[in-house]
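Participant: what shape does this take:
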Amino acid sequence: QVQLVESGGGLVQAGGSLRLSCGASGRTFSSLGMGWFRQASGKEREFVASNGWRGTNYADFVKGRFTISRDNAKNTVYLQMNSLNPEDTALYYCAADRSGGGWHSSSRYDIWGQGTQVTVSS
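Facilitator: Here you go, the predicted structure:
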């Protein structure tokens, strides 16, 4: 069973950067579609970015600012976040999709990490 552990969250000033990491256990990481989602307080969980055989996809509100990448040798997926603003404050989750596609919909993901908090101050 694959398990996911996120890290790299924290407090940053507006305009700053953070890099989130998500490490996966297990030997099937390279075949997994991986996604990043976020949930702000009082709001629904929303798609941020994904990577899989469908390619790399981003939510419109992060295009040009966030970059998803993966290192299959390290069983890790990253989310580089630049030009952060207070609206990016949320709990960020990584998720794995056994079909490998990397989808926008959270319902397509089978495995979730516990989340890492990102707080952007103005």
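
Participant: now do the strands in the protein.
Facilitator: 4-7, 10-13, 18-24, 33-39, 46-52, 55-58, 66-71, 76-81, 90-97, 111-112, 116-121 (DSSP state E).

Participant: which one of those lies closest to residue 104?
Facilitator: strand 46-52 (4.7 Å; Cβ to Cβ). (Glycine included, C-beta is placed from N, CA and C.)

Participant: tell me what that closest one is packed against?
Facilitator: strand 33-39, strand 55-58, strand 66-71, strand 76-81, strand 90-97 (3 or more Cβ pairs under 8 Å, 6 or more residues apart in numbering; DSSP states H and E).

Participant: now the residue most central in space within the chain: how far from residue 1?
Facilitator: The structure's the chain has its C-alpha centroid closest to residue 36; by Cα atoms, centre = their mean the separation is 2.3 Å. Residue 36 sits 21 Å away from residue 1, going by Cβ to Cβ, to the nearest Å.

Participant: again, but for residue 100
Facilitator: Counting by Cβ to Cβ, the gap from residue 100 to residue 1 is 17 Å.

Participant: more neighbours, these two?
Facilitator: Neighbour count, other Cβ atoms under 10 Å: between residue 100 and residue 1, residue 100 has more, with 15 against 6.
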